[in-house]
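In: The sequence isn't on hand, but the structure is:
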């Protein structure tokens, strides 16, 4: 009897942000009778906690010996570690969770004749020194899976990626992310715990507290709006990302503005749906580097209207005027202008939120995403160099 198709997923980050939530969902919901997921990690952390909780096997090895992963050719030191794990695990397919880890696992898989795919999670114009690195990493994988159509568009003209580039849009668990059946009770309990009154108008951003996510711009826009709307509250959900944390600076500015009681910052949380169901409006103020953000899909699935910047695949999620507003990145003025009508008009919030909910349910369920990845795994596994007996 043949064993299930064994997939070795590789990841360098130990904490959990959007890409790692995507990995967790993928290994949680795939058909375990047909597939056996194993995840290679660099060390303990929130991601390993989540994987342990759902019973997915992990292998822990140090892949990046230096704190600065961009030292010239430092990636070469991670390849032998990946090669050794592949030889031990004997996977049928290697799945690099993003381009960074793909530098190691893609090369190791290629050397050992194991088919590999990489997920392209971010769409941005790379720095000149990083351009070759990204291109070469995509080239050595058998399949390059973009989580957005925009990612496909950016790379589809490259003849060396022809036949390997494809799109599998992100999907989420629509049973977890949905409007709360008793929103008022949630506001009383969770809102009360945070110090948010029942009649508040809540703006939320689910994102790591890093400069890329534009938290400072959203705070600036909020302070202007809050000066004339005393019910307005702002919640940042996500916490720090590795060693980067804008939280202290945001708290300092909130105190200086006399708004500390109306601006709320969480650390890392697993129960994201509860915070989204506290919100009346969801924002993603990213300056750059987005693919198809799970944070926006999750907010849509909870019935929130969206204000987001026009970066990456955001335009795929927010058809202008239907379920929210897209603005140019880097502008607190644009954020304020887009938020003001939503703050003032509960009927507009309700109608745009309903449209977003409909879009999420129609296009972005987890089962569709899982099915499309499973089809890729089955195709690649036909060329596996390890026997499945």
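Out: Cool, the structure landed. All values derive from a computational prediction rather than experimental measurement.
In: From now on I want contacts and neighbour counts done on CA atoms only, so please keep to that.
Out: Will do.
In: Kindly list the main-chain dihedrals of residue 200?
Out: Dihedral angles of residue 200 (phi, psi; degrees, to the nearest 10) stand at phi -70, psi 150.
In: OK, contacts around it?
Out: 231, 232, 233 (C-alpha atoms under 8 Å, 6 or more residues apart in numbering).
In: who does the residue lying closest to residue 264 once chain neighbours are set aside bridge with?
Out: Using C-alpha to C-alpha, 6 or more residues apart in numbering and skipping the chain neighbours, the partner closest in space to residue 264 is residue 235 (4.7 Å). Here residue 235 sits in beta bridges with residue 204, residue 264, as judged by DSSP bridges.
In: check contacts around the residue nearest in space to the middle of the chain.
Out: In the chain, the centroid-proximal residue (C-alpha atoms, centre = their mean) is residue 18; its distance is 2.0 Å. Residues near residue 18 by C-alpha under 8 Å, 6+ apart: 293, 294, 295.
In: Closest one of these to residue 250?
Out: Nearest to residue 250 among those: residue 295, at 20.3 Å, using C-alpha to C-alpha.
In: part of a helix, is that closest one?
Out: Yes: under DSSP: H, G, I helix; E, B strand; the rest coil, residue 295 sits within a helix.
In: Let me know how buried it is, in neighbour terms.
Out: The local packing of residue 295 (other C-alpha atoms under 10 Å) involves 20 other residues.
In: Would you confirm that it contacts residue 208?
Out: No: with contact defined as C-alpha atoms under 8 Å, residue 295 does not count as touching residue 208 (10.6 Å).
In: hmm, which helix or strand of this structure has the shakiest average pLDDT?
Out: Lowest by mean pLDDT, DSSP states H and E among the helices and strands of the chain is helix 128-139, with a mean of 78.
In: tell me which residues in that helix are buried?
Out: For helix 128-139, the neighbour count (16 or more other C-alpha atoms under 10 Å) marks 133, 134, 137, 138, 139 as buried.
In: go on, stretch 81-100?
Out: 81-83, 85-86, 90-100.
In: So what touches it?
Out: Under C-alpha under 8 Å, 6+ apart, the answer for stretch 81-100 is 5-12, 19, 23, 59, 61-63, 102, 104-106, 108-109, 112, 114-121, 134, 137-138, 377, 380-381, 384-386, 388.
In: From those, which land in helices?
Out: Among the contacts of stretch 81-100, DSSP state H puts 19, 23, 102, 104-106, 108-109, 112, 134, 137-138, 377, 380-381 in helices.
In: Please enumerate the strands of the stretch 1-150 of the chain.
Out: Under the criterion DSSP state E, counting those that start in this stretch, the stretch 1-150 of the chain contains strands at 5-10, 35-41, 57-60, 93-96, 116-120, 143-146.
In: From those, pick the one with the highest average neighbour count.
Out: Highest mean neighbour count among those (mean count of other C-alpha atoms under 10 Å): strand 93-96, with a mean of 29.
In: Paired strands for that one, with orientation please.
Out: Here strand 93-96 has these sheet partners by DSSP bridges: strand 5-10 (parallel), strand 116-120 (parallel).
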